[in-house]
Structure formats: structure tokens, C-alpha cells
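Asks: my questions are about this predicted structure, shown below with the sequence.
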Amino acid sequence: MGRDFIKYRKRRRTDGIWEIVWDDPKTGRVKRQTCKTRDEHEADRKLAEKVLSGDVVPPAAVTIGYILDRYFQHLKRRKGAATVVPMSSKVDRLKGYLGNRKWEDFGQADVENYIDHAKCLTRWDRGNDRLSDGTIKKDLQILRAALRHGHLMKVVPTETRIEIRNLVSQIRSDWLDDDQMRKVLALCEDNDEREHIYAFLLLALATGARKEAIFQLRWDQIYVPGGDFEYLPMVPQPVEQDGIVVMPKKAARKVRKGPPPLDFQTGTVVSGAYIDFGTGHGNKRRPQIPIGQNQRLMSYILFGGDRSQPYVISFNGKPIKTGLKKGLEAVGVEAGLPFKLTHHVLKKTCITWMVRKGIPFETIERLTNTTVDTLKRHYSQHSPDLEEALGDTFAI
């Protein structure tokens, strides 16, 4: 193989199928390979596999833009659309300023210059609002990961370490109290256009799981004891078919095994029901959450939702891939919330309610797979024993 840099790219054929095309460095002719899919995200995965398959030779002068591209292709091959799509804008922003900078000339001074540059930029969806320190910090975290990945993949001979200084992420403590949660649920409960939002609110509040885990939850990952059935044999009875009386060879009736999962007269539910969110990816662990005592959620699981497709949350018969950002924000505005309703607000609400209830941090860690250190750092102020411990210490 020659030492020429091969640049792969994807394009859509007239029949809607995506394909990968590149210029052969030996002959100069255009070569192509079909992705066998009409889904652009799946085509991105195929492109990433092609780029990272080992037949790509780095250019003679490796740039920061090339290192970022290689890392982003690596993520595309392993992560879902919910991770890749929002990250693309951050990669583009880094490449716009540092893309042509040669790796061998790159240093901490370039990081400081990028911070000054990024603080002058505005977000496309925030009017004239400037980028926050938290957003710039995330940009540089991606850059640091890309530099590390470039070294691991032997694109560059040594790892370039950078420091992220003087950037403080804003800690948001927004959460819904009982009245706010009831208002939000009431706006979605009997609205067919918001049934998927209603399902997300119930699941997020009851489990504290991340949005990716909730949107990827399948019906077969929910276990409800007492929801199983068995068939009991019966004495066959003659039936009429097309004017002819026939005697069936076998007959049986469907009978539920065990107690009913939900008693509407008493409001009690069967114990032992749980949701298994699976193994997750990387350090994003996924919990197994008991839900047997949550009557509203149990009612939705047993009698609501669209079971014609495998995912618990869907809209118009299709799964939700990236999230409900605009839908949640609209519901929050209608409910009169003083802050923007987002996916993560529900996770914070779930944990805050458990802390205020006096549930130990060790138990919350098992339920939500959030470390005790993180819980103490962000939620200790909600603990009821804090007020009890202070007592009348400062009374005068």
C-alpha cells in the first residue's frame, strides 16, 4: 500500500441506499462500497468501520482536525445516535479553530487560546447567549480524549496532555416537588399526542435511569409476577362452522397464574415487579429497579403503551432515538415551572425525593447506580437528618 492518505466519504444513491466512496491512491479511480442501508446513522457506522479497519494511512502531517475525525469515527462505531448527534457540534467547533493546527506544534497555549475564542461564540439555539464555561469544558474534554485515542491508535508517537483550567461547570439543582410533578403529569396523562412524554415521566421518576436507558427499554425487560397465564384443559363442546356442527378435538381456557398484578378496588399491587435496564455501555451503568409499589406506573405498563413494537416508549409506532427535548420544554412552560424541564431534571427529582424520604445513600446507589460520593456532593442538602442535626444550634 502506498503512503497516500485515503479519504473515505459517504453518499446516497438514487435508490436511497448509502454507499462509501474513495479515490484509489494507486490508480486514481473512484471506488465504492455499498452500506446496504437507507439509515444514515447506520451508514455512519459502516463508514467508521471502514475508516478504522486499518487500511487508512495517516497523512504525513497529522493535524488536530485529523485526530478529532479519527476519534469521532471511533465513537460512531460504538455509540448510539443519542451520544453521537449532540457531540458532532462540539467536534465541528473544535475543528473550526484548531483543525489546521499540526499536532507537533500543538500545546497548552492553544488550549488557552481556544477558551478565549469559545467565550466569544454564541449558541445557535440561545439567541445572543454566549457559550457557558460548562460547554467549553466539555469541548476540551473531547479534545483531551481525542489526543489520548490518537496515541493509543499509534496515529501520533506520544500522548499530548492538556489541562482544563479556570472553567467551572454550573451546578443545576432543579427538581420537581409534589405539586409541580402532578401538574406536569396532568398535562400529559389524557393527551394522546403526549402519551410518550407521560410514559417517560413515569419511568424517569420511578427509576432515576438515564434517558438512553429509558428510550431503549423493551417490553420484555419488564417483569410483573402474576401477569403470567396458563391454559387449563376443558371438555370440548360442539361448535358450528359454516352451517356444520363439529366437535373440537381439544379445548382449554386461559387462566391467570397467581394474584392479579394490580387491584383497582384496593389500590394494591403485587410485590416483586421490576425493570431490568440491561448492562449499559462503558461507565454508564444501568440499574435493575423494583416498581411493584408504584400504582400509576404499574397501571401504564399493564394497560397502556403500544405493544405492536418492542420499545416501551414510542411515537407514531416508532422508537424515540434522541430524546424529548422540545416536548418536555413545552410541558414545563405550560406547567409554569421556574426552570426548563429536561430529561436530567427527572433523574434529579427521583434522587431528591429518595434523599428527602430518608433513604440511605448506599441504598440509592444500588437503585440508581450513582456513586455515594456523587450523591453526597450534590444531594446532601436535602437529607432530613441535616435539619435534625442542626436543631437550634444558631438560635439566639
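Replies: Everything's here; your move.

Asks: now the helices for the stretch 1-150 of the chain?
Replies: 40-51, 64-78, 81-98, 108-118, 133-152 (DSSP state H, counting those that start in this stretch).

Asks: just name the most buried of these.
Replies: The highest mean neighbour count among the helices of the stretch 1-150 of the chain, using mean count of other C-beta atoms under 10 Å, belongs to helix 64-78: a mean of 20. Any C-beta I mention is one placed from the backbone N, CA and C, and that applies to glycine too.

Asks: and the contacts of that helix?
Replies: The contact list for helix 64-78 (C-beta atoms under 8 Å, 6 or more residues apart in numbering) reads 44-45, 47-49, 51-52, 58-59, 83-84, 87-88, 91, 94-95, 98-103, 106, 142-143, 145-147, 149-150, 153, 155-156, 281.

Asks: again, only using 6 Å
Replies: With contact meaning C-beta atoms under 6 Å, 6 or more residues apart in numbering, helix 64-78 is reached by 44-45, 48-49, 51-52, 84, 91, 94-95, 98-99, 101, 106, 146, 149-150.

Asks: average model confidence for that helix?
Replies: Mean pLDDT, computed over helix 64-78, is 85.

Asks: what do you get for stretch 293-300?
Replies: Average pLDDT, stretch 293-300: 83.

Asks: renumber starting at 36 from here on
Replies: I'll keep to 36 as the first residue from here, and by that count the last item is stretch 328-335.

Asks: what residues sit buried inside that stretch?
Replies: By neighbour count on 16 or more other C-beta atoms under 10 Å, the buried set for stretch 328-335 is 329, 332-333, 335.

Asks: format the helices of the stretch 36-185 of the chain as a markdown table; extra columns: distance to Ile55.
Replies: Formatted as a markdown table, the helices of the stretch 36-185 of the chain follow (distance: least, C-beta to C-beta, whole Å):
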| stretch | distance to Ile55 |
| --- | --- |
| helix 75-86 | 5 |
| helix 99-113 | 12 |
| helix 116-133 | 17 |
| helix 143-153 | 32 |
| helix 168-187 | 22 |
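
Asks: just the CA trace of stretch 68-77, in PDB.
Replies: Presented in PDB, the C-alpha positions along stretch 68-77 are these (Å, rounded to 0.1, in the frame of the first residue of the first chain):
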ATOM      1  CA  GLN A  68     -18.700   0.000  -1.400                       C
ATOM      2  CA  THR A  69     -22.400  -0.200  -0.500                       C
ATOM      3  CA  CYS A  70     -23.600   0.200   3.100                       C
ATOM      4  CA  LYS A  71     -26.700  -1.900   2.400                       C
ATOM      5  CA  THR A  72     -28.900   0.500   4.400                       C
ATOM      6  CA  ARG A  73     -31.100   3.600   4.000                       C
ATOM      7  CA  ASP A  74     -30.500   4.700   7.600                       C
ATOM      8  CA  GLU A  75     -27.900   7.500   7.600                       C
ATOM      9  CA  HIS A  76     -26.800   6.700  11.200                       C
ATOM     10  CA  GLU A  77     -26.200   3.100  10.300                       C
END
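
Asks: mind listing residues that contact it?
Replies: Under C-beta under 6 Å, 6+ apart, the answer for stretch 68-77 is 51, 53-55, 78, 81, 116.

Asks: ok, 8 Å please
Replies: Identification of contacts with stretch 68-77 by C-beta under 8 Å, 6+ apart yields 45, 47, 51-56, 78, 81-82, 85, 116, 119, 356.

Asks: would you mark the buried spots in it?
Replies: Cys70.

Asks: which pair in the buried residues of stretch 328-335 spans the largest distance?
Replies: Asn329 and Tyr335 (9.5 Å; C-beta to C-beta).

Asks: what sits in contact with each of the two?
Replies: Going by C-beta under 8 Å, 6+ apart, residues that sit against Asn329 and also against Tyr335 are Leu237.

Asks: could you list the low-pLDDT ranges of the stretch 136-285 of the chain?
Replies: Filtered on pLDDT under 70, the stretch 136-285 of the chain yields the residue ranges 159-162, 204-207, 261-267, 284-285.

Asks: helices of the stretch 186-335 of the chain, start to end?
Replies: 213-224, 230-242, 246-250, 330-338.

Asks: now render these as JSON lines, adding distance to Gln272.
Replies: Shown next, in JSON lines, are the helices of the stretch 186-335 of the chain (distance: least, C-beta to C-beta, whole Å):
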{"stretch": "helix 213-224", "distance to Gln272": "43"}
{"stretch": "helix 230-242", "distance to Gln272": "41"}
{"stretch": "helix 246-250", "distance to Gln272": "47"}
{"stretch": "helix 330-338", "distance to Gln272": "31"}
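
Asks: closest one to Thr62 among the ones you listed?
Replies: Closest to Thr62 of the helices of the stretch 186-335 of the chain is helix 246-250 (C-beta to C-beta; 43.8 Å).

Asks: and that closest one, what other elements does it pack with?
Replies: Judged by 3 or more C-beta pairs under 8 Å, 6 or more residues apart in numbering; DSSP states H and E, helix 246-250 is in contact with helix 116-133, helix 230-242.

Asks: kind regards, and thank you for your time.
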